[in-house]
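Student: Below are the sequence and a predicted model for it; my questions follow.
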Amino acid sequence: MPSAPSRRSLMAGSAAALASQLLTSSSSAATVDVGSVLLGADVAAQQGWSMLRGRKVGVVSNPTGVLRSTAHVVDSMAAQKELNIVGVFGPEHG
């Protein structure tokens with residue numbers, strides 16, 4: 001019986017797939033203003049988080065996880081009814 005993939009390999013594969021989708025998306029380049037820098041979360045939010053539709057989504061964030069509009073990333077994602085957010089994680093330290 002084949003062994004289940006490790007959590008680390010699953011996370012790495014998911015991150016690589018998402019990065020590949022973002023890099024090959026032609027619409028993401030059109031959203032960048034000349035002379036300004038947009039974070040990936042801002043670009044994804046402008047696209048309605050479309051690259052995450054049809055997937056189970058777990059969000060790792062903290063109180064500083066805000067978009068340029070000052071909306072929290074989790075609130076922005078939750079507003080998209082098509083997203084399947086299965087967990088929100090807040091890292092602790094100390």
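Tutor: Now that the structure is in, tell me what you want to look at.

Student: CA only for contacts and neighbour counts going forward, please
Tutor: Noted.

Student: List the contacts of stretch 80-92.
Tutor: 48-49, 52-62, 74, 77-78 (CA atoms under 8 Å, 6 or more residues apart in numbering).

Student: Repeat the analysis, applying 7 Å as the threshold.
Tutor: With CA atoms under 7 Å, 6 or more residues apart in numbering as the test, stretch 80-92 has contacts from Leu52, Arg53, Arg55, Lys56, Val57, Gly58, Val59, Val60, Ser61, Asn62.

Student: Stretch 51-61 too?
Tutor: Contacts to stretch 51-61, defined as CA under 7 Å, 6+ apart, come from residues Glu82, Leu83, Asn84, Ile85, Val86, Gly87, Val88, Phe89, Gly90.

Student: buried sites along that stretch?
Tutor: Along stretch 51-61, the positions that meet the burial threshold by neighbour count (16 or more other CA atoms under 10 Å) are Met51, Leu52.

Student: first to last residue in it, what's the distance?
Tutor: Terminal residues of stretch 51-61 are spaced 18 Å apart (CA to CA, to the nearest Å).

Student: cool, and stretch 72-92?
Tutor: One end of stretch 72-92 sits 18 Å from the other (CA to CA).

Student: Mind listing what's buried along it?
Tutor: If you call a residue buried by 16+ other CA under 10 Å, then stretch 72-92 has these buried ones: His72, Val73, Val74, Ser76, Met77, Leu83, Asn84, Ile85.

Student: Distance to Asp42, pLDDT and secondary structure added to the residues you listed, as CSV?
Tutor: Output for the buried residues of stretch 72-92, formatted as CSV (distance: CA to CA, whole Å; pLDDT from 0 to 100; DSSP: H, G, I helix; E, B strand; the rest coil):
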residue, distance to Asp42, pLDDT, secondary structure
His72, 11, 96, strand
Val73, 9, 96, helix
Val74, 12, 95, helix
Ser76, 10, 96, helix
Met77, 11, 96, helix
Leu83, 17, 93, coil
Asn84, 19, 94, strand
Ile85, 18, 95, strand
